[in-house]
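Asker: turn this into a model:
(one chain, ligands or ions: 2)
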Amino acid sequence: MSHRQVADGLLPEPVPVRFVAEDGTAAPPAGYQGDHPAGYGAPADDLLVEAYRHMVLGRRFDRQATALTKQGRLAVYPSSRGQEACQIAGVLALRADDWLFPTYRDCVALVARGLDPVEVLTLLRGDWHCGYDPAATRVAPQCTPLATQTIHAVGMAEALRRRGEDAVAMAFVGDGGTSEGDFHEALNYAAVLRSPVVFFVQNNKYAISVPLARQSAAPALAYKGVGYGIRSEQVDGNDLVAVLSVLTEAVRHAREGGGPFLVEAHTYRIESHTNADDATRYRDAGEVARWEAADPLARLETYLRGRGLLDTAGVEAAHEAAEEYAARVRDRMNAEPETDPFELFDHVFAAPTPQLREQRALLAAELSAPEE
Ligand SMILES: Cc1ncc(C[n+]2csc(CCOP(=O)(O)OP(=O)(O)O)c2C)c(N)n1
Ligand SMILES: [Mg+2]
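Answerer: Ligands and ions are numbered 1, 2, ... in the order given. Below you'll find the model as predicted:
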C-alpha cells in the first residue's frame, strides 16, 4: 500500500467542500442538488429552513450584544458576525445529549442550542461564573484560554464512551488556537484513544491582529489532523448546507466508533476581534467588503428561495421573531443586575484561606462604612 493510499482515508478534499455557490445557486453549477461527490449527504430541507431562522436570530442577537457593550451593559463582546453558518451548523449537527465545548467567540451557537441569552452573556458582563449550568445543558463554559477546551472535550468524550453513552463531544476552536500545544495534545490523545470527539476549527483568518499567513504554513488547517491519524475535512464555512452536511458526517463517524474527526471551516470575522479592538489598523476595507459579499445568511436565503423552500412571508416572520427576541434581551440586560459582592469569596476554596477571610472582612467594613 502506498503512502498516498494510507493517507487517503484521512485526507481532506483538495478544495473546501461546497454545496451552494456564493450567488446562492447549487454548486457545482451543473444543476446538482443531491449528495456531494465526496460522499457527504444533503441535509433535509426542513432542517435547512430551521437553520435559516436560527441564523437570522443569531445575527440579530449578535448586533444586540454589540450595542449592549456601547451602553456599558457588557464588559466585552466578541462578535460572531459572518460566522453564523458555522455556529448554527455546529449546534444542529449535535443531539441534546452531545457535549459542546465553545470559545468566547461562540455566543450565537449557545443561543441556537437554546440556552437563555442573558445567561450566555453573564460572563461577558463580568460575572465570576459562566451563567448557565454546564452539566444540565451539556455545554462547557465558554473558554477564553486558547485551545484548553479541546483537551477538556477529549476527556469528556472518553468519559462518555467509558460510561457506555453514545454521545459525542464537539470542541470549537479558532485558527489561532490550532497553534497551541493543547490543541496538538488533544488531537494526539483523541486519535490514540479513538475518542468520540469532533474538532471544529473556525478559520476566520485572524487571531486578533495576526493574519493566517503569519499563523501557519499548513496548506489548510485541516491537514493538521492527518499527521495524528485523524480523518479531516475542509469546508466552505459560509455555506450552511456544506458545513451542516460535513459536520453531520463527522458526528456520525465519531458516534459510531470511527474515532475523532477534524473539520476546518473557511470563514471570516467581519467585525473587530472584540469591541475593544480596532481592526482597521491591520486589515483593509476591501478585504472586509469581499467577505461581506460572501455573506452566509444572504447565500442561504437565496438558495432556499430558489428551491421554493422559503418565501417573503417566511423571511419576514424570521426577522420579526428575531426583533422580539432582541427586545427581550435588551430589556432584561438593562435591568440592574442583583449581585452579591461576597459571592466572590465563596467558591474559590472549600475552606477559605486566611488571606481571603481578611479580604472579605475588609470588603464588609468598606461596604458598611458611611459614605463620605
Ligand atoms: C493561551 C492563551 N494565549 C493568548 C490568549 C490571548 N488571546 C485571546 S483571543 C486570541 C486570538 C485567538 O484567535 P483564534 O484562535 O483565531 O480565535 P478567534 O478570536 O479568531 O475566534 C489571543 C491570542 C489567550 N486567550 N489564551
Ligand atoms: Mg481566528
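
Asker: phi, psi for Asn20 please.
Answerer: Actually, residue 20 is Val rather than Asn. Backbone torsions of Val20, given as degrees, to the nearest 10, read phi -130, psi 130.

Asker: ignore the last one, Val201
Answerer: Main-chain torsions, Val201, degrees, to the nearest 10: phi -90, psi 120.

Asker: so which strand or helix has the closest residue to it other than its chain neighbours?
Answerer: Taking CB to CB, 6 or more residues apart in numbering, and ignoring the residues beside it in sequence, Val201 has Glu264 as its nearest neighbour in space, at 4.4 Å. Backbone N, C-alpha and C define where each C-beta goes, glycine included. Under the criterion of DSSP states H and E, Glu264 resides in strand 261-266.

Asker: name the residues of the protein found near ligand 2, please.
Answerer: With CB under 5 Å from the ion as the criterion, the chain meets ligand 2 at residues 174-175, 204, 207.

Asker: on that earlier part again, what's the offset of the strand holding Glu264 from the middle of its chain?
Answerer: 12 Å (CA atoms, centre = their mean, to the nearest Å).

Asker: same check on stretch 92-104?
Answerer: 9 Å.

Asker: what are the ranges of the helices in the stretch 101-250 of the chain?
Answerer: Taking DSSP state H, counting those that start in this stretch, the helices of the stretch 101-250 of the chain run over residues 107-112, 117-120, 122-125, 134-137, 148-162, 181-193, 223-226, 240-255.

Asker: just the buried residues of the fourth one, please?
Answerer: Spelled out, that is helix 134-137. Thr137 (16 or more other CB atoms under 10 Å).

Asker: the strand holding Glu264: partners in the sheet, and parallel or antiparallel?
Answerer: Taking DSSP bridges as the criterion, strand 261-266 forms sheet pairs with strand 197-203 (parallel), strand 231-236 (parallel).

Asker: tally of neighbours for the residue nearest to Pro352 when sequence neighbours are not counted?
Answerer: Residue nearest to Pro352 in three dimensions, not counting chain neighbours: Phe345, with 6.3 Å by CB to CB, 6+ apart. For Phe345, the number of neighbouring residues by other CB atoms under 10 Å comes to 15.

Asker: for the closest residue to ligand 2 within the stretch 151-300 of the chain, name its beta-bridge partners.
Answerer: For the stretch 151-300 of the chain, the residue closest to ligand 2 is Gly174, as judged by CB to the ion, at 3.8 Å. Gly174 has the following beta-bridge partners by DSSP bridges: Gln202.

Asker: identify the residues contacting it.
Answerer: Gly174 makes contact with 103, 105, 146, 201-204, 207, according to CB atoms under 8 Å, 6 or more residues apart in numbering.

Asker: of those residues, list those near ligand 1.
Answerer: Subset of the contacts of Gly174 in contact with ligand 1: 105, 146, 204, 207, counting by CB under 6 Å from any ligand atom.

Asker: now, the most widely separated pair of those residues?
Answerer: Within the ones next to ligand 1 among the contacts of Gly174, Leu146 and Asn204 form the most distant pair, 13.6 Å apart (CB to CB).

Asker: between these two, which one's more packed in?
Answerer: The residue with more neighbours, out of Leu146 and Asn204, is Asn204; 24 against 19, by other CB under 10 Å.

Asker: picking up where we left off before, helix or strand: which one has the residue nearest to Pro352?
Answerer: Here Phe345 sits within helix 343-346, counting by DSSP H and E.

Asker: skip ahead from that helix and say which helix or strand is next.
Answerer: Downstream of helix 343-346 (by DSSP H and E), the next one is helix 354-368.

Asker: touching ligand 1 at all, the top helix by length along the chain?
Answerer: When the chain is parsed with DSSP state H, its longest helix is helix 45-70. No: shown here: helix 45-70 not in contact with ligand 1 (CB under 6 Å from any ligand atom), separated by at least 13.3 Å.

Asker: now do the same contact list for the closest residue to Val251 other than its chain neighbours.
Answerer: If you skip the residues right next to it in sequence, Val251 has Ala93 as its closest partner in space, 5.0 Å away by CB to CB, 6+ apart. Each residue near Ala93 by CB under 8 Å, 6+ apart is listed here: 170, 244, 247-248, 250-251.

Asker: narrow those residues to those that are buried.
Answerer: Listed as buried from the contacts of Ala93 are 170, 244, 247-248, 250-251; burial here means 16+ other CB under 10 Å.

Asker: how much space between the residue of the chain found nearest ligand 1 and His266?
Answerer: Closest residue of the chain to ligand 1, CB to the nearest ligand atom: Gly174 (2.3 Å). Gly174 sits at a distance of 13 Å from His266 (criterion: CB to CB, to the nearest Å).
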